[in-house]
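Enquirer: Quick one, structure for this:
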Amino acid sequence: MKLSVLDSSEYHEYYAPYLKVLGEADLLPALEKGREELLFVLQAVPENKLTYSYAKGKWTVAELIMHLMDAERVFQYRALRFARGDTTELPGFDQDSYVPQSGASGRTREQLMTEFEAIRGSTISLFRSFNEELLLRVGVASRAKMSVRALGFVISGHQAHHLKILQERYLS
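Expert: From the prediction side, this is the model:
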């Protein structure tokens, strides 16, 4: 399924920049490509650079990677709930309060890579299990309607957005 089939009513405008970076992506190939891209970039990050931050008050490399994993877990959970027909409105999450609790600074590159690989593998398996009907289901999270398929594209676009920041501001 191509991103172009997504209607703007399926997601909050906050997520539009994440979707824009994907271009004309297909959902599952984008998730698979994103896995390979992040693992490739992370493999090249020296261990001592994991605690580097490009400015005071900005996340470190490890914290940025943990943020990606935390957000992917949240989006994956939302997709599961909506696909299963759960109509309970889901709250938002405060990404900035998650980071200090993540223990990212104590993780090695290998640990981050292993965990990311497991999470993304789970995401791919989950979205591969959804048929067209399930992908079109909509729920409410953070007081906004969101389709299951939009959540898949947001996972991919969110990572692409942060990977660009990682390459431009941390690794250049």
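
Enquirer: Okay, buried residues for the host helix or strand of R73 please.
Expert: Here R73, judged by DSSP states H and E, is contained in helix 61-83. By neighbour count with 16 or more other Cβ atoms under 10 Å, helix 61-83 contains the buried residues 61-72, 74-76, 78-83. Heads up, the C-betas are built off the backbone N, CA and C, glycines and all.

Enquirer: do the same with stretch 106-121
Expert: 107, 109, 112-113, 116, 119-120.

Enquirer: Kindly indicate which of these lies nearest L19.
Expert: R120 (18.3 Å; Cβ to Cβ).

Enquirer: Quick check: nearest residue in space to that closest one, chain neighbours excluded?
Expert: R35 (4.3 Å; Cβ to Cβ, 6 or more residues apart in numbering).

Enquirer: cool, and A25?
Expert: Nearest to A25 is L3, by Cβ to Cβ, 6+ apart, at 5.0 Å.

Enquirer: List the residues that contact the residue nearest to R120.
Expert: The neighbours of R35, taking Cβ atoms under 8 Å, 6 or more residues apart in numbering as the test, are 116-117, 120-121, 124.

Enquirer: With secondary structure and pLDDT added, can I get the buried residues of stretch 106-121 in CSV?
Expert: As requested, those are exported to CSV (DSSP: H, G, I helix; E, B strand; the rest coil; pLDDT from 0 to 100):
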residue, secondary structure, pLDDT
R107, coil, 96
R109, helix, 96
L112, helix, 97
M113, helix, 97
F116, helix, 98
I119, helix, 98
R120, helix, 98
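
Enquirer: Output those residues in CSV; the columns should cover distance to L136.
Expert: Below are the buried residues of stretch 106-121 laid out as CSV (distance: Cβ to Cβ, whole Å):
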residue, distance to L136
R107, 37
R109, 39
L112, 34
M113, 34
F116, 28
I119, 24
R120, 23
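
Enquirer: rewinding a little: can you give the distance of the following helix or strand past the helix holding R73 from its chain's centre?
Expert: Next along the chain after helix 61-83, taking DSSP H and E as the criterion, comes helix 95-101. Relative to its chain's centre, helix 95-101 lies at 15 Å (Cα atoms, centre = their mean, to the nearest Å).
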